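mind looking at a prediction? Sequence and model below.
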Amino acid sequence: MSEQLKFIVEQLNKEPFKRSYNLISFDSLEPLHLLQVLNDVLAEINPQNKLDIREEAPDATAMRMMNELRVLKYKPSDDPSTFRQGIVAGVKPVIYPILVWLFQKMGELKKRAYLARFLVKLEIPGEIIQDNDVNDAFTQYEEMVEQFKILHKESTSLKSSGFSTTEIRKDITQMEEEKDQLNKRIERLKKKVESVPNSEKMLDIARNFRKEQDRETALGQQRQDQKNQLHHSEQRLQRISHQLKDLKQSTVGASADGLIKKLEEENKVNSYLCTEKLPKEIEARRKACRDLEHVVNEPAMGQSDLDQINEEIKAVNAEVNGLIEKRMMRNDPVDDKFALFRQQASIIARKKEAAAETLSDAKDDVQQHQQELDEKREAAKGFQGGEVLKGDEFKRYVNKLRGKSTVYKKKRQELAELRAEYGVLSRTDEILKQRNDQIRQHLAAVEAKKGIAGYHDTQEELEKVSTLKSELDEVKGKTLEDISEMVQKLNTKIAAKKSALAPVIKELRPLRQQHQEIQQLYDDKKTTYDTMAAGFESNRSKLEQDVRVLREECIQEESRFHYLNCMRRVIEIQQQRVADEMKAYTSSDPVERKKAFRDQYTRKIQEQENLGKSLREKQKAVKESHGPSMKQMKMWKDFQTLMDCKKDCFLQQGQEKDSSQVIRDDAEDRLVL
């Protein structure tokens with residue numbers, strides 16, 4: 001874990017992150033900040049992930065990160081549920097391996113994320129894709145994906161082929177020369193044709209023939225399209241027939257109350273999907289489209305504009321953090337109660353969305369399995385015209401098949417055990433044979449080294465002779481004279497072989513000395529070779545580094561070229577818009593002049609000025625009536641306080657009436673308590 005932490009901190013302190021972390025500060029990050037760091041690294045790979053995770057629900061953040069890691073082909077070591085919970089909670093043992101993997105394969109993952117934007121196909125439900133327009137659009141989309149693959153491969157091959165601009169310019173010049181030659185040839189052919197009688201008529205015939213060929217091609221394409229539509233219609237009819245059949249089977253034995261209850265539940269689910277889930281998804285898609293249109297319509301921004309936007313973002317983030325801190329410091333109990341209810345409502349809404357997603361996935365799976373079932377039924381009918389078993393026949397067939405399957409599994413297990421035992425015994429036999437050969441070779445080498453080559457063979461012969469001797473003694477009852485004669489013969493053979501090996505041993509001794517000298521020379525040459533190979537390897541590494549630097553420069557120049565080309569196109573579009581604006585502004589047609597941006601913005605400015613003037617008048621009236629209104633409000637508060645006091649006095653007087661008496665004197669009345 002410490003090595004992972006050190007590697008992550010080193011990478012985060014480099015370009016383009018520049019976080020200035022150390023081991024202690026990074027290890028003490030809260031789970032939310034750790035998830036933000038992971039999101040920033042994913043945004044460096046795929047800019048679509050660049051956002052503040054505080055503005056996103058935790059489940060949505062986890063799903064987005066898991067989808068991105070799935071596209072990048074990350075394989076977690078934990079099970080999916082633990083991995084998902086670890087991402088939601090920002091657990092370090094889950095986040096750290098992801099960061100290490102991302103930093104180790106940053107370049108490869110950037111390329112993979114770029115390709116995934118165009119190669120990961122959209123998932124469209126089966127009931128929607130059956131529409132002809134949607135199906136045509138999806139087919140066109142798949143063709144464009146395949147075309148992108150081909151173009152990307154060509155681009156990669158061109159970049160790696162090392163074509164230079166001079167060669168391309170030469171090819172362009174050569175093609176222009178060929179074009180001029182073709183034009184001259186066409187002119188000569190036209191002159192020749194003009195001298196031919198009925199040339200115009202023949203040209204008209206050729207032109208009509210070409211048109212008819214084009215028309216034939218178009219009709220063939222139209223015929224193919226109509227065949228495809230007919231095929232789709234037949235599939236749709238077959239699917240509807242199966243649905244009708246399934247509905248009829250599902251209603252067998254069902255009561256009216258059960259059907260009504262089931263329809264009500266389906267109606268509730270469909271109402272939720274139509275009124276809540278689908279409108280939210282449509283609105284999200286529309287918002288994304290509006291954002292993309294806004295980005296497209298915006299003029300090109302320079303580095304100063306980007307710096308200004310980044311400063312504004314930092315200021316807004318600081319303001320949001322300040323408001324959050326104030327809210328946390330205030331700690332209003334009413335807000336806490338509402339927060340609990342809001343949290344519960346959010347959890348319930350997420351559960352409903354998850355249930356809706358599960359329902360959609362289940363419907364897709366059911367439809368896919370139904371389609372596979374139909375295909376397999378059709379395939380089963382095609383085998384020898386047999387029918388598919390149903391009911392009790394199918395159950396009996398399954399039970400019989402299970403019995404055979406059990407017997408087959410037992411036999412297969414026994415066969416596997418026998419094969420395993422045979423394999424072990426074969427391997428043991430091979431190992432013993434190899435060891436025997438090795439021992440024989442080693443013994444022969446030792447005998448050759450000691451100068452007694454062939455001793456072991458002789459010994460084996462002696463053993464064979466002794467074995468033969470014992471057998472002969474047991475079977476035939478050889479006498480001692482025969483044995484001594486045989487031993488004498490064997491001794492004679494051994495002496496003869498030793499005398500034959502003596503000159504060979506004498507010749508072997510100088511050869512051994514020569515072998516030692518050659519071995520020493522070989523070691524010296526090998527040392528020299530290793531030194532020169534190391535030098536060549538270092539030179540090769542240096543040259544590869546230079547080539548890598550030059551390729552990076554080439555890539556940067558290509559990127560700069562594409563950037564300048566895009567800027568040029570943007571400027572041309574802006575110039576075209578300016579020209580259209582001038583044309584509309586200088587036009588004599590009043591309707592056309594109203595379309596000019598200058599007139600539109602002038603009208604909007606006038607409307608805003610009138611609105612501001614009315615608002616200033618309202619503000620002035622409010623300021624003038626502020627003092628009297630505040631005085632009147634204070635008087636009403638004093639009046640309310642006075643009435644509350646009178647009410648309290650009246651209530652107190654009613655309670656104390658029984659325990660009091662009044663004493664009347666000549667001068668005054670007194671109340672005695």
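Yes, it's here.

state the helix or strand in which Lys620 lies.
Per DSSP states H and E: Lys620 is located in helix 597-624.

what packs against that helix?
helix 480-585 (3 or more Cβ pairs under 8 Å, 6 or more residues apart in numbering; DSSP states H and E). No exception for glycine: its C-beta is placed from N, CA and C like everyone else's.

on that earlier part again, next SSE downstream of the helix holding Lys620?
Assigned by DSSP H and E, the successor of helix 597-624 is helix 626-655.

what's the host helix or strand of Ser241 packed up against?
Following DSSP H and E, one finds Ser241 within helix 199-250. Applying 3+ Cβ pairs under 8 Å, 6+ apart, we find helix 199-250 packed against helix 132-161, helix 333-382.

which residues of the stretch 51-200 of the chain fall in helices?
All helices of the stretch 51-200 of the chain, identified by DSSP state H, counting those that start in this stretch, fall at 58-71, 80-89, 92-104, 106-119, 126-129, 132-161, 165-194, 199-250.

which of those helices has the lowest mean pLDDT?
Of all the helices of the stretch 51-200 of the chain, the minimum mean pLDDT falls on helix 126-129 (a mean of 71).

how much space between Glu558 and Glu581?
Taking Cβ to Cβ, to the nearest Å as the measure, Glu558 falls 35 Å from Glu581.

what about these two, which has more around it?
It is Glu581, of Glu558 and Glu581, that has more neighbours when counted by other Cβ atoms under 10 Å, with 14 against 11.

nearest residue to Leu102 in space, please, no chain neighbours.
Nearest non-adjacent residue to Leu102, counting by Cβ to Cβ, 6 or more residues apart in numbering: Val41, 5.3 Å away.

where does the stretch 401-550 of the chain dip in pLDDT?
Along the stretch 401-550 of the chain, the model assigns pLDDT under 70 to residues 451-456, 469, 472-484.

give me the neighbour count for Leu490.
Other residues close to Leu490 by other Cβ under 10 Å number 15.

now do the contacts for it.
Shown in contact with Leu490 (Cβ atoms under 8 Å, 6 or more residues apart in numbering): 461-462, 465.

top of those residues by neighbour count?
Within the contacts of Leu490, most neighbours by other Cβ under 10 Å means Val465, with 16 neighbours.

and that one, what helix or strand is that in?
With DSSP H and E as the criterion, Val465 is inside helix 455-475.

tell me how far Ile282 lies from Met63.
In terms of Cβ to Cβ, Ile282 sits 19 Å off from Met63.

looking at these two, which is more packed in?
Shown here are Ile282 and Met63; by other Cβ under 10 Å, Met63 has more neighbours (15 against 10).

could you check how far the more buried one is from Leu306?
For Met63, the distance to Leu306 (Cβ to Cβ) stands at 30 Å.

same question, Arg188
Counting by Cβ to Cβ, the gap from Arg188 to Leu306 is 59 Å.

now do Lys248
For Lys248, the distance to Leu306 (Cβ to Cβ) stands at 65 Å.

kindly report the same for Ala420.
From Ala420 to Leu306 the distance is 68 Å (Cβ to Cβ).
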